[in-house]
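Undergrad: quick check, what structure comes out for this input:
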Amino acid sequence: MFRRSKTDAAPPTTVEKADGKGRPTPSRKEAEAAARARAKAPRTRKEQAAAQRSARGESSRQMRQAMKTGDERYLPTRDKGPVKRFIRDWIDSRFSFVELLVPLLILTMALGYSGNARLMGIGNGLMFGIILLVVVDIFMLRFRLRRELARRFPDAPTKGTTYYAVMRSLQMKFMRMPKPQVKIGQQLPDTYR
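TA: Below is the predicted model of the structure:
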């Protein structure tokens, strides 16, 4: 019987398929070593802190990007879901008196520092008037939002939705996070599933 020696053995050839992975399958020993290396916990506190910092940085980057684009996968829990997305779009599509608040505050301050008692009275009246308009707007927002949520999401829980909507409406539009995805007056879709 004829035996081949180890030196006579033909080297293994790798045949690459058109749809193959392009590299040979690792041996069991190599695969186990790679798995151990991936599962190895950091040995020192310094390595552990570096790993956590890197993971936090990546998570924060994804969340910041999601806040700009509205990507549901990486949004914080308080902003996730079709109900919250509808509330954001509904608030962003309507005009709010809060948009006028900052310019009127500046005007009121200018009138207050003028030294003229009559102008200061006009400034104070203007300020109280706009605050009253904002309060009325918030109450109207609450009732309209409840009606819209009951119509669009009859089975969804609405706990906390009013607070979420009011807090979003009290911010200037360019400062809202997640960034507004609709324009003022834009028609909203009927379904948010």
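Undergrad: please enumerate the helices of this protein.
TA: Assignment of helices within the chain using DSSP state H yields the ranges 28-39, 45-69, 82-92, 98-112, 117-152, 161-169.
Undergrad: out of the ones you listed, which one sits most buried?
TA: Among the helices of the chain, the stretch with the highest mean neighbour count (mean count of other CB atoms under 10 Å) is helix 82-92, at a mean of 20. Any C-beta I mention is one placed from the backbone N, CA and C, and that applies to glycine too.
Undergrad: which of the helices of the chain sits closest to Lys183?
TA: For these, the distance to Lys183 is smallest for helix 82-92, at 7.9 Å, taking CB to CB.
Undergrad: skipping adjacent residues, who's closest to Asp190 in space?
TA: Setting aside the residues directly before and after it, Asp190 is nearest to Arg152 in space (CB to CB, 6 or more residues apart in numbering), at 7.6 Å.
Undergrad: from Arg53, how far off is the one you found?
TA: Applying CB to CB, to the nearest Å, the value for Arg152 to Arg53 is 42 Å.
Undergrad: kindly report the same for Arg144.
TA: Relative to Arg53, Arg144 is positioned 45 Å away (criterion: CB to CB).
Undergrad: next: Lys183.
TA: From Lys183 to Arg53 the distance is 39 Å (CB to CB).
Undergrad: go on, Gly112?
TA: Using CB to CB, Gly112 is found at 48 Å from Arg53.
Undergrad: got it, and Ala110?
TA: Computed with CB to CB, the distance linking Ala110 and Arg53 is 47 Å.
Undergrad: cool, and Leu100?
TA: Counting by CB to CB, the gap from Leu100 to Arg53 is 43 Å.
Undergrad: return, as residue ranges, the portions of the protein with sub-threshold pLDDT.
TA: With pLDDT under 70 as the threshold, the chain has low-confidence stretches at 1-20, 193.
Undergrad: now with 80, please.
TA: 1-22, 37-43, 70-71, 74, 97, 112, 190-193 (pLDDT under 80).
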